[in-house]
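[1] Fold the following for me, if possible:
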Amino acid sequence: MSLEKQLIEKLTTLEPTHLEVINESAGHGGYFPGKESHFKVIIVSAAFEGLRLVQRHQKVYALAAELLNPGKIHALAIHAYVPNEWQGQAPASPECAHAPKA
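    Residues are numbered from 1 along each chain as shown. As a prediction, the model looks like this:
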């Protein structure tokens with residue numbers, strides 16, 4: 001099973017009302033077709049109610065822990081919201097300094 005699918009499976013335990021897992025590996029150095037190393041997660045869940053931002057991230061990291069080992073996910077950008085905060089879009093990811101140049 002792909003890392004992306006494994007990550008989705010783990011995050012669905014938070015019963016999100018919105019979940020996007022975006023493979024951003026192509027925008028980073030060392031990319032080759034099929035590489036899975038950099039992901040962006042946008043997740044909206046009532047499970048984050050009453051938690052500070054760092055606690056929300058810790059909750060996501062705890063679920064993804066086994067996928068964050070060497071040779072697996074190298075970077076994970078997390079945008080975690082409670083339902084009343086979600087405005088329909090997350091901030092854009094920054095350009096990677098080591099991205100392949102066109």
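[2] what secondary structure does Leu7 sit in?
    When classified by DSSP: H, G, I helix; E, B strand; the rest coil, Leu7 comes out as helix.
[3] what sits against the nearest residue to it once chain neighbours are set aside?
    Nearest non-adjacent residue to Leu7, counting by Cβ to Cβ, 6 or more residues apart in numbering: Val21, 5.3 Å away. For glycine as for every other residue, the C-beta is placed from the backbone atoms N, C-alpha and C. Shown in contact with Val21 (Cβ atoms under 8 Å, 6 or more residues apart in numbering): Glu4, Leu7, Ile8, Leu11, Phe39, Lys40, Val41.
[4] For the helix or strand harbouring the fourth one, output the C-alpha coordinates as PDB.
    I take that to be Leu11. Element membership for Leu11, per DSSP states H and E: helix 3-11. Coordinates of each C-alpha in helix 3-11 appear next as PDB, following Å, rounded to 0.1, in the frame of the first residue of the first chain:
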ATOM      1  CA  LEU A   3       2.500   5.800   1.900                       C
ATOM      2  CA  GLU A   4      -0.300   8.200   0.900                       C
ATOM      3  CA  LYS A   5      -2.900   5.600   1.400                       C
ATOM      4  CA  GLN A   6      -1.400   4.400   4.700                       C
ATOM      5  CA  LEU A   7      -1.400   8.000   5.900                       C
ATOM      6  CA  ILE A   8      -5.000   8.500   4.900                       C
ATOM      7  CA  GLU A   9      -6.000   5.300   6.700                       C
ATOM      8  CA  LYS A  10      -4.300   6.400   9.900                       C
ATOM      9  CA  LEU A  11      -5.800   9.900   9.800                       C
END
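[5] biggest helix in the protein by residues?
    helix 53-64 (DSSP state H).
[6] tally of neighbours for Val60?
    The number of residues packed around Val60, counting by other Cβ atoms under 10 Å, is 21.
[7] Without its sequence neighbours, what residue ends up closest to it?
    Here the residue nearest Val60, using Cβ to Cβ, 6+ apart, is Ile78, at 5.1 Å.
[8] So Ser2 versus Ile8, what's the distance?
    Distance, Ser2 to Ile8, by Cβ to Cβ, to the nearest Å: 9 Å.
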